[in-house]
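Engineer: just to be clear, the model below is a prediction. Sequence and coordinates:
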Amino acid sequence: MSDERLQKAVSTAIKAGYQVDRETFDFIGALPETMDLERLMTCVVTEMNRLPGKGIFIKLSVLEKEAQKILGSAEEERKSVEESMTGEIGKVPFHPYAKDVEADVKIIEDPTDELKTTGTLEDYIEYFQDRFKRLSRLLRQRMDMKDAVSISDALRAPNNARAKIICMVTEKRESKRAIFLTIEDLEQTATVCVPVERKKEVVGKAKSVLLDQVVCIDTVKGRNDLLIAEDFVFPEVPNRKPNKAAVPVYAALISDLHIGSRMFMEKEFQRFVDWLECEVGDERTRMIAGHVKYVVIAGDIVDGVGIYPQQIDELNIKDIFAQYKVSAEIVGGIPDYIEVIIIPGNHDATRMALPQPAIQRKYAEPLHEARKIYSLGSPSMISLHGVNILLYHGRSLDDVISYVPDMSFSEPSKAMKSLLQCRHLAPMYGKRTPIASEKRDHLVIENMPDLFHAGHVHTMEYNTYRGVVIVNSGAWQRQTEYQKEMGHTPNPGIVPIVNLQTLEVVPIDFRAF
């Protein structure tokens, strides 16, 4: 059992005014991994509060009793699920649990109706000013950032004076002896030096800083207005306990179907749809399928036309309207009690620049006619049964992976973690990711997600960072010639299924069905 789970359980008892002795601690440590220890200890505390002369130590008898209740309840639920799946020797037909659960979908953020850029120089200036102001506010929410000063104030200070500066990094140069950063705020620019003999952690942070990222740098004033970096503080996502659903409903996270491409894995995707219908799979996977209430698609539904050189040679559907018509037939096969949420990717029929509005209706009309869908922009934030999910196709992952040391397309969660640290989905302006100079920067991560879902890089991987579940949902397209040239080997056809009640991720490989 993980130390973190034990610590949280003990912390719950201590906060309620109780102590945990060695015998009780050992009992907790021996419980199954599936046991929700925080829930258990909350129940124990409630029972302890009812006892006369309760004392200061958690009673082992109370703990054993409450643990047995929870284990018994879980066993009854398991048997109920199995009976609903198989009945008595298969006599009772399978009835999906999710079919009887009312959908709970809330749209928290969607840029579609708010995009108004004209492409002028004034828009460009306002865009970066808005980014700087909003990320500065996030940094200043930290207690240790209250004394941050402007660049001008830091430069006016005497030599060897320390100052924390909230700034945007606009240039980075590396030499054998130091890393030099050009920084600016709303009024001034300066140069920051990071000597390579500084602490390894500080040098590592300097190497990972992205261009156009807003950070706080703890500096010492040097000669000739040179500032020496002592440390870096990123906007970061706070370490917090995520929201969880009250009922055991699941979300299937997918992306990058690339319908229209010769490499689209149609047979495997049809197995996925059949699985959602609970028609294929073993007992365990069919039980999971019966709990799926949501399918969330993070872009690139179709392969598009004219997206990259020689693409026409890799298409078996060369008309984008026809691609969306076929996608409607395929996605339309998903059971109607399952809600489908779609955002666009860089291959879809909407503008290329971020943020992207929803797929244009004239192209996506067959999808809307085939079934009910939520069609949103990228990025968007939704809530499913109280779980906040940040949806983003992931175009900027290309820039982060190519720019930051020790990152690769085989581990996209590292790059997604970097975006959470930046609190921005595409910090680097003017690279491979086109970004529209909207007056409001919709790419700042202000609302905290419980789950961050992206795609684009065709590698299924998941991880957790500071309580946020990070999921890159891979793809449904076999390796392309371009990927072969780049040495990138994707792992398509694997679907991460998220239990919204526990936020546990179960990957299911439909290549093996």
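Structural biologist: Thanks, I have the structure now. What you are looking at is a predicted structure, and each value in this text was computed from that prediction instead of being measured.
Engineer: which SS class is residue 117?
Structural biologist: coil (DSSP: H, G, I helix; E, B strand; the rest coil).
Engineer: what's the answer for residue 479, then?
Structural biologist: Recorded secondary structure, residue 479: coil (three-state DSSP).
Engineer: hmm, residue 422 is touching residue 213, no?
Structural biologist: Yes. With contact defined as C-beta atoms under 8 Å, residue 422 reaches residue 213; the gap is 5.3 Å. Backbone N, C-alpha and C define where each C-beta goes, glycine included.
Engineer: residue contacts, residue 234?
Structural biologist: 205, 213, 215, 216, 421, 422, 423 (C-beta atoms under 8 Å, 6 or more residues apart in numbering).
Engineer: let's see which of those end up in strands.
Structural biologist: 215, 216 (DSSP state E).
Engineer: alpha carbons only: can I get the strand ranked longest in the chain in PDB?
Structural biologist: Assignment by DSSP E gives strand 162-174 as the longest strand of the chain. Taking C-alpha atoms only, strand 162-174 is exported to PDB below (Å, rounded to 0.1, in the frame of the first residue of the first chain):
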ATOM      1  CA  ARG A 162      17.900  40.300  -4.100                       C
ATOM      2  CA  ALA A 163      14.600  40.700  -5.900                       C
ATOM      3  CA  LYS A 164      11.800  38.400  -7.200                       C
ATOM      4  CA  ILE A 165      10.700  39.400 -10.700                       C
ATOM      5  CA  ILE A 166       7.600  38.300 -12.500                       C
ATOM      6  CA  CYS A 167       8.500  38.400 -16.200                       C
ATOM      7  CA  MET A 168       8.100  36.800 -19.600                       C
ATOM      8  CA  VAL A 169      11.100  35.000 -21.200                       C
ATOM      9  CA  THR A 170      11.600  36.200 -24.700                       C
ATOM     10  CA  GLU A 171      15.000  34.800 -25.600                       C
ATOM     11  CA  LYS A 172      17.300  32.100 -24.400                       C
ATOM     12  CA  ARG A 173      21.000  31.600 -25.200                       C
ATOM     13  CA  GLU A 174      23.200  28.800 -23.800                       C
END
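Engineer: how about the contacts made by the residue nearest to residue 365 when sequence neighbours are not counted?
Structural biologist: Using C-beta to C-beta, 6 or more residues apart in numbering and skipping the chain neighbours, the partner closest in space to residue 365 is residue 324 (7.8 Å). Residues near residue 324 by C-beta under 8 Å, 6+ apart: 301, 302, 349, 363, 364, 365, 366, 367.
Engineer: same thing but at 6 Å, please
Structural biologist: Counting by C-beta atoms under 6 Å, 6 or more residues apart in numbering, residue 324 touches 302, 363, 364, 366.
Engineer: domain ranges for this structure?
Structural biologist: 3-90, 140-233, 239-502 (automatic domain parsing).
Engineer: out of these, flag the one nearest residue 123.
Structural biologist: In terms of C-beta to C-beta, the element of the domains of the chain nearest to residue 123 is domain 239-502, at 4.4 Å.
Engineer: the closest one: end-to-end distance?
Structural biologist: 17 Å (C-alpha to C-alpha, to the nearest Å).
Engineer: make sure residue 395 is indeed in a strand.
Structural biologist: No. Read with three-state DSSP, residue 395 is coil and lies in no strand.
Engineer: list the contacts for it?
Structural biologist: Contacts for residue 395 (C-beta under 6 Å, 6+ apart) come out as 346, 433, 456.
Engineer: ok, the residue lying closest to the last one once chain neighbours are set aside to residue 405 distance?
Structural biologist: The reference is to residue 456. Nearest residue to residue 456, sequence neighbours excluded (C-beta to C-beta, 6+ apart): residue 394, at 3.4 Å. According to C-beta to C-beta, to the nearest Å, residue 394 and residue 405 sit 20 Å apart.
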